[in-house]
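J.: need the 3D shape of this:
(2 chains)
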Protein chains: 2
Amino acid sequence: MSRIAYVNGHYVPHRDAAVHIEDRAYQFADGVYEVCEVRAGRLIDERRHMERLKRSLRELRIAEPMGEASLGVVLREVARRNRIRDGIVYLQVSRGVAPRNHGFPDPAVRPAVVVTARRLDIAAAERRAAKGVAVVTVPETRWARVDIKSVSLLPNVLAKQAATEAGAFEAWFVDADGLVTEGSSSNAWIVTAEDVLVTAPADLGVLRGVTRTLVVEVAARLGLAFQERRYSLKEALAAKEAFMTSATSLVTPIVKVDGQMIGDGRAGALSRALRFHSRDAAERGGELSSPRMAVLTKD
Amino acid sequence: MSRIAYVNGHYVPHRDAAVHIEDRAYQFADGVYEVCEVRAGRLIDERRHMERLKRSLRELRIAEPMGEASLGVVLREVARRNRIRDGIVYLQVSRGVAPRNHGFPDPAVRPAVVVTARRLDIAAAERRAAKGVAVVTVPETRWARVDIKSVSLLPNVLAKQAATEAGAFEAWFVDADGLVTEGSSSNAWIVTAEDVLVTAPADLGVLRGVTRTLVVEVAARLGLAFQERRYSLKEALAAKEAFMTSATSLVTPIVKVDGQMIGDGRAGALSRALRFHSRDAAERGGELSSPRMAVLTKD
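T.: As a prediction, the model looks like this:
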């Protein structure tokens, strides 16, 4: 739990951290966010998170609340004040506070900025990754612009809750054509029988995950085959492996979808190797310590 | 502007009215709302707003924050403290405050309640209705459950902003089949050449507006023909009249869609009569003072 939060220019005790009731994120979901991994006290992939944040703001025509360097200072300061060694920093920017009207405030108001941080239980995450997780599927019900990382997350909330109630860790959205788009808070991947990595294109229906991009690069450096294309739930159920990517889960193998075993029902070898190398690359600012793929023994 | 707001059990000065940064409406759009008209100091259609609120909460499995009678007391008290004679009361209920995780907090937390009120410029609204307003159309991009009155309103914000920038008052969502669903904060209606009132069915893609329901009843009492069916933008452009309904606009004639004149480009006779009788019925708790349709002269 975050003990100190940054709210609109001030570092405040978490329990007192408040925003005005007419902050537009509260009344209209008119805001964007980023979740950035902290590892050994360092922000992972900060540059890509900042780039994506700027794109989200630009798409919604919300002004940048401060320069990128200043924002980086705030993120690191919140991590430091909360003594986060391994965890996440959460950043939210809304269009600001204004009397409730759907259209943008005119004249524009100052964007609101909130930053929190919390520790992650790395050992639990490792155990989860070693064992692999279950996912369930839910109908794709989200709005058309999920490429923007907005706080308009109600369908994601309902999807994650459906997963939890089914004893699963994540929910995959499946569209009307039976195609998997992405998870409620992760990108969705499969590995074909021919060891080809497949994930849906990051277009309007899929968020360009920072970890997704990292894994694409890592796969290329390891010489793995990769296809960016849509795939059906049917293809996923018949896949050799499946996994999810996100800042908080990194690469986490999926062993069950809608109660059906994927592959042999154990965390896949390629998925586990990608987790290993992605961690390595994240810690080295994108570089691999070795371009040779690790061969990991199954637990 | 609201001077006094109700926030989680307290009446506070509006400028100090704040919610915690981890209120789920702020981070996940995990909340619902109602906007209730106040006329001559009385809440209009309170019962229907309460019923719809309870349905929204039920659909999202958010607990009712207090009994209906107590909530009514709060709404009236906020109106009274802000000395609202003609205006609106805004009520928002979120799932509550909890450390950020997509799934529902477990154990559940107490829902958060915010109520504000503000005056409306009735004279300006009457002038607008007499003249009629322009609308523009935007692609339907919203999530599948807009029948729930949630604060997941980002597409509505963008639509209203598009209208404002085009010099229009409202935006209509038009789906991939070319069918009009509803406005960004109103239901959309047309009147056919045969004087039939038409609005889209209030199913998963259209909110069951309280004023929409009132107008359906008023039309029935006046013996007007009414069809609840989908209609295309093409049909709307060729319609004899068009109008919008909402708690804040009541019945407001539409005279232009995407720059094209509707009918003779003036506020339609049926639309204006419906505004007159709907106001009358709203003030009389649903009853009409006379079942004879008013014949209103054009300005």
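
J.: going forward, measure contacts and count neighbours with C-alpha atoms only.
T.: Noted.

J.: neighbouring contacts of stretch A:32-42?
T.: Residues outside stretch A:32-42 that contact it (Cα atoms under 8 Å, 6 or more residues apart in numbering or on different chains): A:43-46, A:49, A:53, A:56-57, A:76, A:79-80, A:84-94, A:148-151, A:247-248, A:283.

J.: look at the most centrally placed residue in chain A and report its pLDDT.
T.: In chain A, the centroid-proximal residue (Cα atoms, centre = their mean) is residue A:246; its distance is 3.7 Å. Residue A:246 carries a pLDDT value of 97.

J.: that one pairs with what?
T.: residue A:250 (DSSP bridges).

J.: re the thing from before, just the ones of the contacts of stretch A:32-42 in helices?
T.: A:46, A:49, A:53, A:56-57, A:76, A:79-80, A:283 (DSSP state H).

J.: quick one, what contacts the residue nearest to the centre of chain A?
T.: By Cα under 8 Å, 6+ apart, the neighbours of residue A:246 are A:185-187, A:209-212.

J.: which residues in the stretch 51-200 of chain A form strands?
T.: Along the stretch 51-200 of chain A, the segments classed as strands by DSSP state E, counting those that start in this stretch run A:87-94, A:112-119, A:133-139, A:170-174, A:179-183, A:187-191, A:197-199.

J.: pLDDT of the first one, averaged?
T.: Strand A:87-94 shows a mean pLDDT of 98.

J.: residues from the stretch 51-200 of chain A in reach of chain B?
T.: A:60, A:99, A:102-104, A:114, A:141-145, A:151-158, A:160-161, A:164 (Cα under 8 Å from any Cα of the partner chain).

J.: where do the helices of chain A begin and end?
T.: Taking DSSP H as the criterion, chain A carries its helices at A:24-28, A:46-60, A:68-81, A:122-131, A:154-165, A:210-221, A:233-237, A:269-283.

J.: please compute how far the second one lies from its chain's middle.
T.: Right, the one you point to is helix A:46-60. In this view, helix A:46-60 has its centroid 14 Å away from the chain centroid, taken as Cα atoms, centre = their mean, to the nearest Å.

J.: do the fifth one as well
T.: With Cα atoms, centre = their mean as the basis, helix A:154-165 stands 15 Å off its chain's centre.

J.: between strand A:133-139 and that helix, find me the angle.
T.: Counting by axes from the mean of the first three to the mean of the last three Cα atoms, to 10 degrees, helix A:154-165 lies at 130 degrees to strand A:133-139.

J.: can you name every helix or strand that helix A:154-165 contacts?
T.: strand A:133-139, strand A:170-174 (3 or more Cα pairs under 8 Å, 6 or more residues apart in numbering or on different chains; DSSP states H and E).

J.: tilt between that helix and strand A:179-183?
T.: Angle, helix A:154-165 to strand A:179-183, by the same axes, to 10 degrees: 90 degrees.

J.: hmm, who's touching helix A:154-165?
T.: With Cα under 8 Å, 6+ apart, helix A:154-165 has contacts from A:135-136, A:138, A:141-142, A:169-173, A:184-185, B:28-30, B:60, B:102-104, B:143, B:152.

J.: for the residue nearest to residue A:226 when sequence neighbours are not counted, what are its contacts?
T.: Distances taken as Cα to Cα, 6 or more residues apart in numbering or on different chains place residue A:197 nearest to residue A:226, at 4.6 Å, with adjacent residues excluded. By Cα under 8 Å, 6+ apart, the contact set of residue A:197 is A:189-191, A:224-227.

J.: bridged to the closest residue to residue A:166 other than its chain neighbours, which residues?
T.: In this structure, residue A:166 finds its nearest non-sequential neighbour in residue A:136, 7.5 Å apart by Cα to Cα, 6+ apart. When bridges are called by DSSP bridges, residue A:136 pairs up with residue A:171.

J.: and residue A:136, what does it touch?
T.: Residue A:136 sits in contact with A:162-163, A:166, A:168, A:170-172, A:257-259, where contact means Cα under 8 Å, 6+ apart.

J.: are any of the residues you listed buried, and if so which?
T.: A:162-163, A:166, A:168, A:170-172, A:257-258 (16 or more other Cα atoms under 10 Å in any protein chain shown).

J.: next one: the residue nearest to residue A:120 when sequence neighbours are not counted from chain B, what distance?
T.: Sequence neighbours aside, residue A:87 is the residue nearest to residue A:120 in space, at 4.4 Å (criterion: Cα to Cα, 6+ apart). According to Cα to the nearest Cα, to the nearest Å, residue A:87 and chain B sit 13 Å apart.

J.: residue A:87 contacts residue A:123, correct?
T.: No - using Cα atoms under 8 Å as the test, residue A:87 is too far from residue A:123 to be in contact (11.8 Å).

J.: quick one, which of these two is more surrounded?
T.: residue A:87 (24 against 9; other Cα atoms under 10 Å in any protein chain shown).

J.: bridged to the more buried one, which residues?
T.: residue A:38, residue A:119.

J.: show me what contacts it?
T.: A:37-39, A:117-121, A:248.

J.: tally up the residues packed near the closest residue to residue A:273 other than its chain neighbours, please.
T.: Nearest residue to residue A:273 in three dimensions, chain neighbours excluded: residue A:294, at 5.9 Å (Cα to Cα, 6+ apart). Using other Cα under 10 Å, residue A:294 has 15 other residues around it.

J.: distance of residue A:294 relative to chain B?
T.: The separation that residue A:294 has from chain B, given Cα to the nearest Cα, amounts to 33 Å.

J.: what's that residue in contact with, if anything?
T.: So residue A:294 contacts A:273, A:276-277 (Cα under 8 Å, 6+ apart).

J.: tell me the buried residues within the contacts of stretch A:32-42.
T.: Buried among those by 16+ other Cα under 10 Å: A:43-46, A:49, A:53, A:56-57, A:76, A:79, A:84-94, A:148-151, A:247-248, A:283.

J.: please report the distance of residue A:132 from residue A:119.
T.: Distance of residue A:132 to residue A:119, computed by Cα to Cα, to the nearest Å: 22 Å.

J.: of the two, which one has the most company?
T.: residue A:132 (22 against 19).

J.: my guess is the more buried one contacts residue A:269. True?
T.: No - using Cα under 8 Å, residue A:132 is not in contact with residue A:269; the gap is 11.2 Å.

J.: re the thing from before, want to try CSV for the contacts of residue A:294, with pLDDT and neighbour count as columns?
T.: Below are the contacts of residue A:294 laid out as CSV (pLDDT from 0 to 100; neighbours: other Cα atoms under 10 Å in any protein chain shown):
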residue, pLDDT, neighbour count
A:273, 96, 17
A:276, 95, 17
A:277, 96, 26
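
J.: closest to residue B:19 out of these?
T.: Distance to residue B:19 across these (Cα to Cα) is lowest for residue A:276, with 40.9 Å.

J.: so who does the closest one touch?
T.: Residue A:276 neighbours (Cα under 8 Å, 6+ apart): residue A:294.

J.: also residue A:218?
T.: Counting by Cα under 8 Å, 6+ apart, residue A:218 has contacts A:274, A:277-278, A:281, A:288.

J.: adding distance to chain B, write these out as CSV.
T.: Formatted as CSV, the contacts of residue A:218 follow (distance: Cα to the nearest Cα, whole Å):
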residue, distance to chain B
A:274, 26
A:277, 27
A:278, 24
A:281, 27
A:288, 32
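
J.: reformat the residues you listed as TSV; add distance to residue A:218.
T.: Converted to TSV, the contacts of residue A:218 look like this (distance: Cα to Cα, whole Å):
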residue	distance to residue A:218
A:274	8
A:277	7
A:278	6
A:281	7
A:288	8
